[in-house]
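Enquirer: The amino acid sequence is not available; the structure is as follows:
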Ligand code: SAM
Ligand code: SF4
C-alpha cells in the first residue's frame, strides 16, 4: 500500500449521482484512475465514444459499455481496479453491463493477461494503442499510432496539452518506461497550434503535460522555448511533471518573469540522500536539487513548490531517511506527494534485497508528512491578510464555496458564485496546511 499527502477524490464503485440518459441510446461509462496523463487520455476516449453515438452515463448499472482507464504505478492502484472489475462481473451476470474495456497503464502491463483470466474483459488496450478503441465502438479504424496528435479536451475553461509521451529514465522503482515506452516529443508547431485553437475556443488555462516535460526537445528547441511560446499564446499556463536533471535555470527564471505562467513548480526529488538517489538512478545529487530550489525561490519568492518523495525504498537506512527530513526542511515545500515504496513487478527495485519493514515505512512516512505539513502551514500563514486574484477552477458547491488558484499556485476556497474559468479578487482570511480560505469576493477581476 502506498499513500500520499494529497489524494484524489475516491471513486465509488458506482457513483450515486443518477445519470440522465435516454434509455434507448447506447451508453458508456468511463472511470479514470491515476495521474493527469490518464485524465487527459480519458478525454480522448470520451471524444471517441461520443463520436460513436454513445451517451455518457455516470453509473455502471446504466452503461452498455464500461471503460476502465487505469493506473499501474503502485500496487493499490491494481487492487482498486480489481474491485471495480469484480463489481462489473456481477452487473454483467445481472444483464446490466454488456461490455467492458480495460485501457491505460494496466492494459500495457503483463498483469492484464492475469486480469483477463479472472474477469470478463472484452478489450484490453495499452497506452500506445488507445486509438484501437475507435473500431471497438464502431468508428472507422484510426491510423494514428502517435496519441498526442489525437484531439484532446476542447473548449473547456481549462485544458491539458500533452507535449511528450513516455520517459527515457530508468528509475529503479518505476513502471512508467515499461508501460508508456521511450520519450516521444511532439513538434512545437503542433503544440502551439493546439494551444491557439483551445484559446480561440474559450480555454483560459493550459497545462502542458508529460512524464518529464522539461526533457522536451525538438529540432534544436528546448522546453523553455516551448514554454515561452505557449505563455505568449495562452492567458494562463502551468506544466507538470518535471525532472530535476532537466530543469534549467532559464525555465525557473521564466516562471518568475512571465505574467501568464503560474508560479508553481512541481519538482519530484524522491529522496534527500545521495546514496538513495544513486540506487534509484535519479541522476542528480541532493545538493544540485537544493540549488535548483534556490533559483526558483529567488525567481518567484511568492511561488509554491511541491515534490514527490518515496519512503521505504529497499536499502533505505535511518541515516538516508534523516537526510530526506533535512532536505524537506531546507526546501520548505508547500506540499508533497509522499509515497510508500510499492514493488512493481518488472522493475529493478522489486527484486532488491534489504526491504524496509512496514512499521518502519509507516513511521518514516508520518515523519516526512509532519515535516511537510509544518512547513506548508507556516508558509501559508504568510498569505493571510493579503488580497489575491483567484482563478476559479471549480464553481461553488452547496456551501457556497468555490475552489480556485492564486497566481502563486495556492489552492483557495473562496465564497463566490463566479463561474469556473473566471477570476475574482478576494482577501485571504485564514490558512491551513493544504489550502487558503478567502472571504466574500470584492471585485470580479
Ligand atoms: N515522472 C515523474 C518523475 O520522475 O518525477 C513522476 C512519475 S510517477 C507516475 C509519480 C510518482 O509516483 C513518482 O514521482 C514517485 O514518487 C511515485 N512512484 C512511482 N513508482 C513508485 C513505486 N514503485 N512505489 C512508490 N512510489 C512510486
Ligand atoms: Fe518514472 Fe523516473 Fe521516468 Fe519519472 S523519470 S516516469 S519516476 S522512470
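Expert: Received, thanks. This one's a predicted model, so the numbers in the text were calculated from it and none came from an experiment. Numbering: from 1, shown residues only. Ligands and ions are numbered 1, 2, ... in the order given.

Enquirer: ok now do residue 157, which residues does it touch?
Expert: 202-205, 420-421 (CB atoms under 8 Å, 6 or more residues apart in numbering). Placement of C-beta: from N, CA and C, glycine included.

Enquirer: On the three-state scheme, the residue nearest to it when sequence neighbours are not counted is what?
Expert: Nearest residue to residue 157, sequence neighbours excluded (CB to CB, 6 or more residues apart in numbering): residue 421, at 2.7 Å. Per DSSP: H, G, I helix; E, B strand; the rest coil, the secondary structure class of residue 421 is coil.

Enquirer: beta partners for residue 104?
Expert: residue 70 (DSSP bridges).

Enquirer: Spit out the contact partners of it.
Expert: Contacts of residue 104 (CB under 8 Å, 6+ apart): 33-34, 38, 41, 68-72, 126-127.

Enquirer: what's the nearest residue to the residue in the stretch 151-300 of the chain that ligand 1 sits nearest to if we skip its chain neighbours?
Expert: Across the stretch 151-300 of the chain, the shortest distance to ligand 1 (CB to the nearest ligand atom) belongs to residue 268, at 3.1 Å. In space, residue 268 comes closest to residue 308 once its chain neighbours are excluded; the distance is 3.6 Å by CB to CB, 6+ apart.

Enquirer: For residue 415, see how far away the residue nearest to residue 157 is.
Expert: In this view, residue 421 and residue 415 are 18 Å apart by CB to CB, to the nearest Å.

Enquirer: How about residue 85?
Expert: Applying CB to CB, one obtains 42 Å for the distance of residue 85 from residue 415.

Enquirer: In terms of packing, which of those two has more residues around it?
Expert: residue 85 (21 against 17; other CB atoms under 10 Å).

Enquirer: ok, the more buried one - contacts?
Expert: Contacts for residue 85 were tallied using CB under 8 Å, 6+ apart; they are 68, 100, 102, 115, 118-119, 121.

Enquirer: Is residue 48 located within a helix, as I assumed?
Expert: Yes - assessed by three-state DSSP, residue 48 belongs to a helix.

Enquirer: I figured it was touching residue 135, is that so?
Expert: No - Residue 48 is beyond contact range of residue 135, at 10.0 Å (criterion: CB atoms under 8 Å).

Enquirer: Between the two, tell me which one has more neighbours.
Expert: residue 48 (23 against 14).

Enquirer: And the pLDDT at the more buried one?
Expert: What the model reports for residue 48 is a pLDDT of 78.

Enquirer: Repeat that for residue 296.
Expert: pLDDT for residue 296: 98.

Enquirer: next structured bit after the helix or strand that contains it?
Expert: Using DSSP states H and E, residue 296 maps to helix 286-299. Sequence-wise, the next helix or strand downstream of helix 286-299 (DSSP H and E) is strand 304-311.

Enquirer: buried sites along the next helix or strand after that following strand?
Expert: As assigned by DSSP H and E, the chain's next helix or strand after strand 304-311 is helix 318-331. When burial is assessed from 16 or more other CB atoms under 10 Å, helix 318-331 yields the following buried residues: 320-321, 323-325, 327-328, 331.

Enquirer: Quickly check: helix 318-331 near ligand 1 or not.
Expert: No - using CB under 6 Å from any ligand atom, helix 318-331 stays clear of ligand 1, coming no nearer than 12.1 Å.

Enquirer: Let me know the pLDDT of residue 310.
Expert: For residue 310, the model assigns a pLDDT of 95.

Enquirer: if I look at it, how far off is residue 434?
Expert: Counting by CB to CB, the separation of residue 310 from residue 434 is 21 Å.

Enquirer: Number of residues surrounding the residue of the stretch 151-300 of the chain closest to ligand 1?
Expert: 21.

Enquirer: Could you double-check that it lies in contact with residue 240?
Expert: No - at 9.8 Å, residue 268 does not count as touching residue 240 under the criterion of CB under 8 Å.

Enquirer: What residues does residue 86 make contact with?
Expert: So residue 86 contacts residue 119 (CB under 8 Å, 6+ apart).

Enquirer: Check whether the one helix or strand it maps to comes near ligand 1.
Expert: Assigned by DSSP H and E, residue 86 belongs to helix 75-93. No - judged by CB under 6 Å from any ligand atom, helix 75-93 and ligand 1 are separated, with a smallest distance of 8.1 Å.

Enquirer: Any figure for the gap between the residue in the stretch 201-350 of the chain positioned nearest to ligand 2 and residue 326?
Expert: The stretch 201-350 of the chain approaches ligand 2 most closely through residue 211 (4.1 Å), counting by CB to the nearest ligand atom. Noted for residue 211: a distance of 28 Å to residue 326, by CB to CB.

Enquirer: State the pLDDT value of residue 181.
Expert: pLDDT, residue 181: 86.

Enquirer: What count of nearby residues applies to it?
Expert: 16.

Enquirer: residue contacts, it?
Expert: Residue 181 touches 127-128, 165-166, counting by CB under 8 Å, 6+ apart.

Enquirer: Flag every residue of the stretch 101-250 of the chain that's near ligand 1.
Expert: So far as CB under 6 Å from any ligand atom goes, the stretch 101-250 of the chain lies against ligand 1 at 173-174, 176, 211-212, 241, 243.

Enquirer: would you turn those into TSV with distance to residue 275 and neighbour count?
Expert: Formatted as TSV, those follow (distance: CB to CB, whole Å; neighbours: other CB atoms under 10 Å):
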residue	distance to residue 275	neighbour count
173	15	23
174	18	21
176	23	22
211	25	22
212	23	22
241	24	18
243	20	21
